[in-house]
Each structure stands twice: as structure tokens, then as C-alpha cells.
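J.: The sequence isn't on hand, but the structure is:
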């Protein structure tokens, strides 16, 4: 298994996406280990002292006023983990669990959490050997950290709960033993360091971001296909128009569309004498809409890159001043806002894609394409209900895009009286992206069919390559047939990036987190 060496505070979104998609093992840079050991020594000294330090020699939350004896430190930390294992719902998929663990490593690696090097080593070894905790996906309100899900992660390190190893789910103690690893006994503050933090919310948001960017790249391709299918104008994509406004995403989107459509015979065939003055907004305003979504995703990505490199537990060891200070870095408000931004972008990319689908199946708007893109309308319904399905998914995503960050409810006897709701705000992105991949897949099916109706005129070489890629696994429609497999395959081609593989890598290289 390939291994990445990560320097806490300097890890990039590109590295995190590779870890998630490729299942890479990771190890912290040696430069991080001095700070880890130093902060652990300071926590050990505090645990043996008489001065109350939250979570080190006191209870937690509303119980922080209760002093804990030094000999009970290990029991305090173990009880904390076991009592917080209250997650419910389906298990987080293994790829995202890996990302959660990597993010926790990065946080501990900042040298402000007070955990011993043994804790970091066990997480590294679990990642290297493929021992992944089974973590329920629900139960976090995104403040005081992702307590319940992270407790399930920590429990596996103690040999409690469940974990997967080599594709099998086992008791965690068995999974560790099978991999040649031993459970750890927690020292002062280590349980608190493991469960305080935003790593689950951030992992959900990052995976949502990575998939949303892939959807945006596919949407630029599908919209270019649609433009040629309805014989739309490329004049609105002229660089001068977008430079006059100045938004990076808009300029980038227009440039990509121009490149994708360059050399299209279909476009050249109606450049002169076309009676239409303007195309509908879903064609003409593609750069403005998709570009704005790219800008929104980019902004969210900056927030999440910072968060991925942050120390987010509590209290934190401030090495330079020698203080151990209780703060609120566990509050996931930045992640909640980023998740809401990503959700808005996903919903809007899908909304304008769906309008292009509707345009192509409507003979009054599609510039002489047959009704519902079937060669024999009436006897055949063609892509009529595929468009309806896309409308259903678009509407569902609009509903799911309702902000989560504006919600809050008091918890923990009003000690934690404002929370971010970042975890489920970010978790919904997986469902939204799945809907979006299907919408774009339907658009590709419609656009490819429309372009084929324009023969003998051909679209551009890049777009011809995309249609050819599609036709390797989805045949032209012709007479009506059972459609569900076609839709599922189109969505798979979009989500997997297979359609994009037909294009030169440089063509969409700038549309990245």
C-alpha cells in the first residue's frame, strides 16, 4: 500500500482527496513528533498536580467542577469513551472512516492535544493495516466535537465496539489482534482529545466537496453537449464578456465550454442566418451559473483545508506559554457554513442541468429535435420520463439545500447551548451528489441523442469522444425499452469520472478543489 507523509498544518485538499479515493496509508512527518511528546508531558504533569484542569483531572461538561483523583485518570478517560458511544444509523463507509482517522492524526499532530506518541502510532498502524472502526453516521450536533461518532472510533482503539479488517466486521479486539496490533490504555486527557474535534463533520464535508467538483466538471461537459444538441450560440461564451465581470469561476467555465465546443460542425452550420436572437438562460448563462457554483465550492474548499489542518479539541496545550487552556475550537460552525455552501452549489448545478434536459425534450424549444428525442413519437415516449425523473431529483436537492447551520438546540444540560449541526449538514451532501450525478447522466443521454439527430453534421472532437465513451455501454435509444439500467449506467459514468477520461486532462484541470 502506498504511503503519504503528512506535515500537520500543511496538508492540501489534493492530498486528502487522494487519501480518500485511493485508500493510501499515512504517517505523520517526524517533525511533528517533538511537539506531540512535549504536550503529552505537560498534560501528565497537570494530571499529577493539584490545580484543576478541565478534562485532565476534572469531570466533563456540566460535571467539570468535580475533581478527579490522579489514580482514577485512566478510568475517567475510558469511561468517557464508552459512555459517549451513542451513535446510531448506518455505518459510515470505510473510505470516509479512513479520512476521519487521517484528520484526527493531523489534529493531534499539531502538538496541542497532549496525547502520547503511542496514540498517534496506533492510528497510523490501523490505517496501514486496514483496521477501520465501525462508526455509526448519526449522533453528532457538531459542537463539543463530533462526540458520539468519534467515541466509536476511539473505542476501537481500546478494543471495544466493532471494527472491520480485510473485509470482515469483527469485535474490535479481534480485528486488532488479527492485524498484530494491541489495544491502548488511555492516559490523562487522551479520551477527550480523541472525541473532541470536528473530524467527522469535516470528512463528510470534504467528500461532499470532492464529489461536487467532479460533478461540476461533468456539468461543463454535459452543458456543452446540450448547447450543440439544440444548436445554441457560443457567442455568450466569448472571453471578453466574462472578463468584463471578473469572477474567476465564470471566466473559467466559459473558457472550458469554448474549448470543448471548438471545431463543432453543428455550431458552424447555423452561425449565419439563424433566426433566433438569444438562447434561453440555461444555455446562455451557463458560465454565470456554473462558474458561480465553482467559486462557491472553491471558497468552501479553502475553509475545509484550514479545518483539516486545525487543532480542534479542548483543552489545548499552548506550548510557548506553557498554559493548558479551555476554549471552543471544537465548535464546527465553519464546517457547517462550508457544507451549506456546497449544498447550494450542488442544488444549482442540478437545477440548470435539469432545465437543459427540459429544453431538449421540448420540440417547441429544441430547434427541430423530435419530441422527447425519439425517432417515432407517439408510439414511443423516448426520454419523456427520464426528464421527469431529473425534475424529481432536482426538487429533492432543492429541499436538501435548506441551510443546516442556522439551526441549533441546547444540549448537555445547557452547558453546550449553541451547536453547529455540521455533521448532518455535511452528511446530506452524499445524497445530494448522488442525485446530481444522475441528473447530469440524464442530460448526457439527452444531449448525445440530440447530437446524433444532427448527423451528418458532427459536434467537436472532444465532445465526439465523450459521446463515444457513453455509447460503449449505453446504446442509442431508438425504440422504447426498459430505461432504468440506462439511467443507472449514465450516472455511473458521470460519478466514476469515466466520461471525463475521454478528454485531454488539461481541458478541465483548473476545475479542482
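T.: That came in fine, so what should we check first? As the structure is a computational prediction, the values presented were derived from the model and not from experiment.

J.: Touching, residue 380 and residue 374? I think so.
T.: Yes - with contact defined as CB atoms under 8 Å, residue 380 counts as touching residue 374 (4.2 Å). The C-beta positions use only the backbone N, C-alpha and C, and glycine is treated the same way.

J.: quick one: common contacting residues for the two?
T.: residue 480 (CB atoms under 8 Å, 6 or more residues apart in numbering).

J.: Remind me which helix or strand residue 436 belongs to.
T.: helix 422-453 (DSSP states H and E).

J.: Pull the residues that contact the next helix or strand after that helix.
T.: Where DSSP H and E defines the elements, the next helix or strand beyond helix 422-453 is helix 461-471. For helix 461-471, the external contacting residues (CB under 8 Å, 6+ apart) are 221, 224-225, 228, 259-264, 444-445, 448, 451-452, 458-459, 490, 493, 498-499, 501-504, 507.

J.: and these, which are buried?
T.: With burial judged by 16 or more other CB atoms under 10 Å, the buried subset of the contacts of helix 461-471 is 221, 224-225, 228, 259-261, 264, 444-445, 448, 451-452, 458-459, 490, 493, 498-499, 502-503, 507.

J.: and the angle from the helix holding residue 436 to helix 461-471?
T.: 100 degrees (axes from the mean of the first three to the mean of the last three CA atoms, to 10 degrees).

J.: and helix 422-453, what does it pack onto?
T.: When contacts are defined as 3 or more CB pairs under 8 Å, 6 or more residues apart in numbering; DSSP states H and E, helix 422-453 packs onto strand 136-138, helix 199-229, helix 333-361, helix 384-400, helix 461-471, helix 484-495.

J.: Which among these is found nearest to residue 249?
T.: helix 199-229 (9.1 Å; CB to CB).

J.: what mean pLDDT does that closest one have?
T.: The average pLDDT for helix 199-229 rounds to 98.

J.: Could you look up the next helix or strand downstream of that helix?
T.: helix 239-245.

J.: Mind giving me the packing neighbours of that next one?
T.: Short answer (3+ CB pairs under 8 Å, 6+ apart): helix 239-245 packs on helix 248-261, helix 286-308.

J.: Take those helices and lay them out in CSV including distance to residue 44 and mean pLDDT.
T.: Below are these laid out as CSV (distance: least, CB to CB, whole Å; pLDDT from 0 to 100):
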stretch, distance to residue 44, mean pLDDT
helix 248-261, 49, 98
helix 286-308, 28, 98
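
J.: could I get these as a markdown table with distance to residue 57?
T.: Converted to a markdown table, the helices and strands packed on helix 239-245 look like this (distance: least, CB to CB, whole Å):
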| stretch | distance to residue 57 |
| --- | --- |
| helix 248-261 | 51 |
| helix 286-308 | 29 |
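
J.: To residue 19, which of these lies closest?
T.: helix 286-308 (10.5 Å).

J.: buried ones in that closest one?
T.: Here helix 286-308 shows 286-301, 303-305, 307-308 as buried, counting by 16+ other CB under 10 Å.

J.: go on, stretch 72-80?
T.: Buried-residue list, stretch 72-80, by 16+ other CB under 10 Å: 73, 74, 76, 77, 78, 80.

J.: and the third one, which of the three is it?
T.: Look at residue 76: counting by DSSP: H, G, I helix; E, B strand; the rest coil, its state is helix.

J.: Okay, it and residue 59: tell me how far apart.
T.: 8 Å (CB to CB, to the nearest Å).

J.: Common neighbours of these two, please.
T.: With CB under 8 Å, 6+ apart as the test, residue 76 and residue 59 both reach residue 68.

J.: Dihedrals phi and psi, residue 132?
T.: Main-chain dihedrals, residue 132, degrees, to the nearest 10: phi -120, psi 120.

J.: For it, which residues are in contact?
T.: 94, 97, 98, 101, 126, 163, 164, 165.

J.: Looks like the last one contacts residue 172 (just checking).
T.: No - taking contacts as CB under 8 Å, residue 165 lies outside contact range of residue 172: 9.4 Å.

J.: Among the two, which residue is more densely surrounded?
T.: residue 172 (24 against 20; other CB atoms under 10 Å).

J.: Do I have it right that the more buried one meets residue 154?
T.: No - counting by CB under 8 Å, residue 172 stays clear of residue 154, with 10.4 Å between them.

J.: and residue 170, which of the three is it?
T.: strand.

J.: what bridges to the closest residue to it other than its chain neighbours?
T.: Excluding the flanking residues, the one nearest residue 170 by CB to CB, 6 or more residues apart in numbering is residue 163, at 6.3 Å. Under DSSP bridges, the beta-bridge partners of residue 163 are residue 133, residue 170.

J.: List the contacts of residue 163.
T.: With the criterion set at CB under 8 Å, 6+ apart, residue 163 makes contact with 131, 132, 133, 134, 156, 169, 170, 171, 172, 175, 176.

J.: so how far is residue 144 from the fifth one?
T.: To residue 144, residue 156 is 21 Å away according to CB to CB.

J.: So for these two, which sits in the more crowded spot?
T.: Using other CB under 10 Å as the criterion, residue 156 and residue 144 rank with residue 156 on top: 28 against 23.

J.: what distance separates the start and the end of stretch 165-184?
T.: 18 Å (CA to CA, to the nearest Å).

J.: Renumber starting at 206 from here on
T.: Yep, numbering from 206; the last one is stretch 370-389 now.

J.: so how far is stretch 505-513 off the chain centroid?
T.: 12 Å (CA atoms, centre = their mean, to the nearest Å).

J.: what residues does it touch?
T.: Residues contacting stretch 505-513 (CB under 8 Å, 6+ apart): 216-218, 221, 308, 311, 403, 407, 410-411, 414, 539-540, 542-544, 546-547, 550, 718.

J.: Does anything pack onto the helix or strand hosting residue 378? Which helices or strands?
T.: Using DSSP H and E, residue 378 maps to helix 377-383. Using 3+ CB pairs under 8 Å, 6+ apart as the contact test, the elements touching helix 377-383 are helix 352-362, strand 367-370.

J.: buried sites along it?
T.: 377, 378, 380, 381, 382.

J.: swap in stretch 250-264?
T.: 251, 252, 258, 259, 260, 261, 262, 263, 264.

J.: what does that stretch rub up against?
T.: By CB under 8 Å, 6+ apart, stretch 250-264 touches 248, 265, 269-275, 278, 281, 319, 392-394, 397, 519-520, 529, 531.

J.: ditto for stretch 453-464
T.: 425, 428-429, 432, 439, 442-444, 446-448, 491-493, 495-501, 503, 667, 712-713, 715-716.

J.: how about CSV for the contacts of residue 368, with pLDDT and distance to residue 315 added?
T.: Below are the contacts of residue 368 laid out as CSV (pLDDT from 0 to 100; distance: CB to CB, whole Å):
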residue, pLDDT, distance to residue 315
336, 98, 24
337, 98, 23
338, 98, 22
339, 98, 27
361, 98, 23
374, 97, 32
375, 97, 32
376, 98, 32
377, 98, 27
380, 98, 28
381, 98, 26
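
J.: just curious, which of those residues is nearest to residue 355?
T.: For the contacts of residue 368, the nearest to residue 355 is residue 338 (9.6 Å; CB to CB).

J.: Now for the closest one: which residues touch it?
T.: Per CB under 8 Å, 6+ apart, neighbours of residue 338: 302, 306, 357, 358, 360, 361, 362, 366, 367, 368, 377.

J.: Mind putting those residues into JSON lines with distance to residue 229?
T.: Output for the contacts of residue 338, formatted as JSON lines (distance: CB to CB, whole Å):
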{"residue": "302", "distance to residue 229": "14"}
{"residue": "306", "distance to residue 229": "12"}
{"residue": "357", "distance to residue 229": "23"}
{"residue": "358", "distance to residue 229": "18"}
{"residue": "360", "distance to residue 229": "25"}
{"residue": "361", "distance to residue 229": "20"}
{"residue": "362", "distance to residue 229": "20"}
{"residue": "366", "distance to residue 229": "25"}
{"residue": "367", "distance to residue 229": "24"}
{"residue": "368", "distance to residue 229": "19"}
{"residue": "377", "distance to residue 229": "23"}
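
J.: Compute the first-to-last residue distance for stretch 507-524.
T.: For stretch 507-524, the end-to-end distance is 27 Å (CA to CA).

J.: Alright, I will stop here.
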